[in-house]
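In: Dropping the sequence and predicted coords here.
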Amino acid sequence: MKLPTQLALLGFVQLVLAAENNDNLLWGPYRPNLYFGIRPRIPHSLMTGLMWFGTHDYQSISRTRHACDQGDNLDSYTWTEYDTRQGGVQVIQDSANNVKITTEFLKVPGGDHGGSWAARIKGEPIKPDLPSRISTIFYFGLEGLGGLEMESDENENGIKGEFKLSGSTPELDDFLIRVIDGPNNKAFTDGTHADAFQERIGRTHFVGQPVAAGGIWQAKDSILNSLITRAREIIAPYQDPAEGPPDPSYVLQLPDEVYSGSNLFAVQKLFDGPFQFDVLFESGSSKQKLSSTILDQGIPALVENYSERFRSVFPYPRDYDKEKEQSMEAFSKAITSNLVAGVGYFYGTSIVNRKFSYEWDEEEDVAASSVHVEDGDEVQSGARLTDPKALLTATPSRSFFPRGFYWDEGFHLLHIGQWDNDFSLEILKSWIGLIDEDGWVAREQILGEEARSKVPQEFQTQVPNYANPPTLTMAVTAFIARLKAIAASKGPSDQDLGLNYGMGGEAQVPLTSASVDGTGSRYLDSPEEALDFLKSIYKPLKRHYDWFRRTQRGQIKQYARKARSRTEGYRWRGRSELHVLTSGMDDYPRGPPHAGELHLDLISWMAFFTRTMKDIAGYIGEADDAISFGEIEKAILGNIDDLHWNEEEKMYCDVNVNDEDESHHVCHKGYLSLFPFFLSLLPPTSPQLGHILDLLRDPEQLWSPYGIRSLSVAHPEFGQGENYWKGPIWVQMNYLVLRALHTTYAAQPGPHQARAKEIYTELRKNVVDNVFKPSVHRLDVIDGSE
């Protein structure tokens, strides 16, 4: 009997309310490099994945879909809705196989081991008048301690009805897995030689295999090898060209065998036309027995709940065209969902070379590094594997960059934190946990063999004197801003709560106000837990900050440079002749490599980092540290003007040294010139602000109808070479411009306030109109690969 809609929604609301603790973050699509892969945040545990191929010919199996790959040429794969606490819906368009696949994932809280979950895989032809014959393979692989056992009775011709596995691990305890067919699935029954395969047509096929430790990530190869081995045996008797081979759907089947000690099980289903099957994972400690009904009712309720909450957290701007509201909301939901569902959990070793330096870095790196001795012996040169570590992180691209990047993560967390504060803090805490005893964290996190398989060998090694923009500090200031917004709404003053931070007492708040509806807001609701969290990250962050000041310091007095502070100058290590990868702006024009360089963007990041540390220290009661950070901040801000302002060019510039050992400015108009402005380091009354706004708004320099260019259109290198940071418009940098305008220069009194408001309004429209074009960005072409 089908429950009334109101009762179904009521049941789902109860699930949602039960999910408001952070235990519900254990499971997720934390294998974002796959089109669909569920795993827990446990280093060695259960990992699942979806594979599919067409059975209309024998060649399609060589193009089996599994890991996100631009070479698959899918039309799109996009999460249309995804909530960290509840689950979500993903739509995959695969025209080559004439199938639209929808993956639905629902978390079911309960018990003592992270809850249960349910997934539904649905398919339908993209073009109904053309054949759509698909084989799906869903697998379950267990790493580490524990075991998997097949509970269904084995049959050499496959299984009728549901497929069942049981398992147990120390962390998950006992669990049960069931794979259940939908009510209207059909097999292809009219193919060549169908009579010879009647006992196998329409059944579920399977294989169980033992896989060595650390090998589950290669499940696709292992599973397809067993399938192809059987296929060769089956097709061998059909050599008569007149009769032809059997239909591929009868041959390309798993062998229906389970080997002793199997820790990898694959379940295959073959369909003709629309299909559906469910995967149910039941935690043994949960009292709720799952059935397909929970998906029937839960997914529509999830979608409705997601839309309602999205409108609350990210309301449609009042000054935007009402006719575009529906399409822009769908686009915005997809962007948010793909970001959040693109979070992955990674575990493994990384490759580190503690002794590598470019020639212009060598002498200083030896002096600056405090990690040049281990156990009384010098660290050996050359790349070495580290101990394994874990990381929860968003990913810039599921297909091309399915791993953690420090430079990107701070920007990711700004948006994730607005949707789910506590989830963003889980990610932040995971990154901070990577900071080593010396204070270093690798800028690119390539953890384990699976991650390394996606990275060219020359880029796999990380070097402990290489930095990256400390964008994680933006996530910390955003969290404190949300705390401030909540505190303000409750009445006590900022000063009473120790939240009066930032330049001139003004908070660095996000572009949207904190929207708290109870979801993922434990740390916002409890000042005590918020304080404990900030205390827990303070020491490692301070160690990281000290590492930056020690290893990235630049030279001032050596070249008779005049500055208020003789110590606050900074230089990126690890640059090459043409690239400064460590800066995040890889090919942006710089001067030639030299030990006497000073980099404007790095000193600006250090000012922002110092301000963040001052804010945290003040909040948690480290008064002496807060005073010290305040003094350093003042010195850095003074040196930004003293060392980097070029009065003739009316812009901020890098500093270099010529052949006569004389210091000089290297000025390239572009993003680099704007960094003190980007990070709101200039007061609204700064005499430099007007010149920066002139540069920003000049269409013959940086301004365009689509956003702020990375390099001036008048620059001789504009659009040249790799053209990565030599003109293209980067949305995160435009965000920094908009944030600075919105929260500081258009919000606070000053001689340029009115102009800042005008530029903000115009730039905001340009960026939004560029990113969102209803005629181009239909929901079905939003690609999860970027």
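Out: Happy to help now that I have it. Numbers count the residues shown, from 1 in each chain.
In: check contacts around A67.
Out: Counting by CB atoms under 8 Å, 6 or more residues apart in numbering, A67 makes contact with 33-35, 220. Placement of C-beta: from N, CA and C, glycine included.
In: tell me the contacts of R755?
Out: Counting by CB under 8 Å, 6+ apart, R755 touches L693.
In: let's go with 10 Å and repeat that
Out: Residues in contact with R755 (CB atoms under 10 Å, 6 or more residues apart in numbering) are 689-690, 693-694, 697, 741, 745-746.
In: Name the nearest of the residues you listed relative to N98.
Out: Nearest to N98, judged by CB to CB, of the contacts of R755 is L741 at 48.1 Å.
In: Run a quick neighbour tally on that closest one.
Out: 25 (other CB atoms under 10 Å).
In: Got a PyMOL select line for the buried ones in the contacts of R755?
Out: Here is the PyMOL command that selects only those of those that count as buried (16 or more other CB atoms under 10 Å):
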select buried, resi 689+693+697+741+745+746
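In: Any chance of the contacts of R755 in a markdown table with pLDDT as columns?
Out: Putting the contacts of R755 into a markdown table (pLDDT from 0 to 100) gives the following:
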| residue | pLDDT |
| --- | --- |
| L689 | 98 |
| G690 | 97 |
| L693 | 98 |
| D694 | 97 |
| R697 | 97 |
| L741 | 98 |
| Y745 | 98 |
| A746 | 97 |
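In: Would you check which pair of the contacts of R755 lies furthest apart?
Out: Among the contacts of R755, the pair separated by the greatest distance (CB to CB) is D694 and A746, at 16.2 Å.
In: Next, find the distance separating G71 from S62.
Out: 12 Å (CB to CB, to the nearest Å).
In: M47 now?
Out: For M47, the distance to S62 equals 24 Å [CB to CB].
In: which one of those two has more residues nearby?
Out: Counting neighbours by other CB under 10 Å for M47 and for S62 shows that M47 has the greater number, 24 against 9.
In: I figured that one was touching L148, is that so?
Out: No - here M47 does not reach L148: they are 11.4 Å apart, not a contact under CB atoms under 10 Å.
In: Now do the shared contacts for these two.
Out: Each of 140-142, 264 lies in contact with both M47 and L148 under the rule CB under 10 Å, 6+ apart.
In: So among those residues, which ones count as buried?
Out: 140-142, 264.
In: ok, so of those, who is nearest N225?
Out: Closest to N225 out of the buried ones among the shared contacts of M47 and L148 is L264 (11.7 Å), distances taken as CB to CB.
In: What does that closest one show for phi and psi?
Out: When read as degrees, to the nearest 10, the backbone of L264 gives phi -130, psi 120.
In: With I299 instead?
Out: phi -70, psi -50.
In: again, but for the one 3 residues further on
Out: The phi and psi torsions at L302 (degrees, to the nearest 10) take the values phi -60, psi -50.
In: residue contacts, P248?
Out: Residues in contact with P248, defined by CB under 10 Å, 6+ apart, are 53-61, 133, 135, 188, 191-192, 231, 235, 270.
In: C-alpha coordinates for whichever strand or helix holds I134, PDB please?
Out: Here I134, judged by DSSP states H and E, is contained in strand 133-142. Output of strand 133-142 as PDB, limited to C-alpha atoms (Å, rounded to 0.1, in the frame of the first residue of the first chain):
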ATOM      1  CA  ARG A 133      21.000  -2.000 -24.600                       C
ATOM      2  CA  ILE A 134      23.100  -1.500 -21.500                       C
ATOM      3  CA  SER A 135      25.100  -3.700 -19.100                       C
ATOM      4  CA  THR A 136      25.600  -2.300 -15.600                       C
ATOM      5  CA  ILE A 137      28.100  -3.700 -13.100                       C
ATOM      6  CA  PHE A 138      28.000  -2.600  -9.500                       C
ATOM      7  CA  TYR A 139      30.800  -3.700  -7.300                       C
ATOM      8  CA  PHE A 140      31.700  -3.900  -3.600                       C
ATOM      9  CA  GLY A 141      35.300  -4.200  -2.500                       C
ATOM     10  CA  LEU A 142      36.600  -4.500   1.000                       C
END
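In: what's the spacing between that strand and its chain's center?
Out: How far strand 133-142 lies from its chain's middle: 25 Å, per CA atoms, centre = their mean, to the nearest Å.
In: Direction included, what does it pair against?
Out: Using DSSP bridges, the strands paired with strand 133-142 in its sheet are strand 46-54 (antiparallel), strand 264-272 (antiparallel).
In: Nearest to D532 among those would be which one?
Out: Of all the strands paired with strand 133-142, strand 46-54 sits nearest to D532, with 31.3 Å by CB to CB.
In: List the strands paired with the helix or strand following the closest one, with their directions.
Out: Counting by DSSP H and E, the next helix or strand C-terminal to strand 46-54 is strand 76-83. Here strand 76-83 is paired, per DSSP bridges, with strand 87-94 (antiparallel).
In: Quick check: next helix or strand after the partner strand?
Out: Defined by DSSP H and E, the subsequent element after strand 87-94 is strand 99-108.
In: C-terminal to that next one, what's the next element?
Out: Proceeding N to C from strand 99-108, the next assigned helix or strand is strand 116-124, under DSSP H and E.
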